[in-house]
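Participant: Pasting the sequence and the predicted model now:
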Amino acid sequence: MKPSRFLRALLPAVLLSGSMAQAQNLSAVIMPPPEAPAVTQAAQRVLDTANERVPQLDTAGLLAQLKTQPKTVVIDVRTPAELALSGHIDAPLFFNITRGQLEFQIEVAVPRTRPRPSSSTAASASAVRSPPRR
């Protein structure tokens, strides 16, 4: 059976529109996301002040601290998928509370009714933060 003239004329148009749809979908994948806006000077001052008050620990520093202060509370703010990829530090008081949920879940995960730990540490993908010692 021979295709009709209409179908022969329609086929290239259908193929072209399908290719254009794929190209549009592909361009969404290829285009980089927009850059985050620059931090204002006021926000940078707040960040700088916080970073002066909060000591930075790397993994080796945290492991050393856990040896001398085993009751250190470790709060890892990475997602469960990130933990699955890179693992976590074994600590008696380890909690995984993602960054977007930290403010809502911290009181339930680490209630104030417990004796105050010797220190607390929050871990992220890039750095480990602990509050100043008193």
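Facilitator: Yep, that arrived. Residues are numbered from 1 along each chain as shown.
Participant: Which positions within stretch 49-61 qualify as buried?
Facilitator: residue 57 (16 or more other Cβ atoms under 10 Å). Where C-beta positions appear, they are placed from N, C-alpha and C, glycine not excepted.
Participant: now do stretch 84-101
Facilitator: Under 16+ other Cβ under 10 Å, the buried positions of stretch 84-101 are 91, 93-97.
Participant: Serialize those residues to CSV and add fields for distance to residue 44, secondary structure and pLDDT.
Facilitator: Formatted as CSV, these follow (distance: Cβ to Cβ, whole Å; DSSP: H, G, I helix; E, B strand; the rest coil; pLDDT from 0 to 100):
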residue, distance to residue 44, secondary structure, pLDDT
91, 32, coil, 91
93, 33, strand, 89
94, 32, strand, 90
95, 30, strand, 89
96, 30, strand, 90
97, 27, coil, 90
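Participant: In CSV: those, plus distance to residue 57.
Facilitator: Shown next, in CSV, are the buried residues of stretch 84-101 (distance: Cβ to Cβ, whole Å):
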residue, distance to residue 57
91, 13
93, 15
94, 15
95, 17
96, 18
97, 18
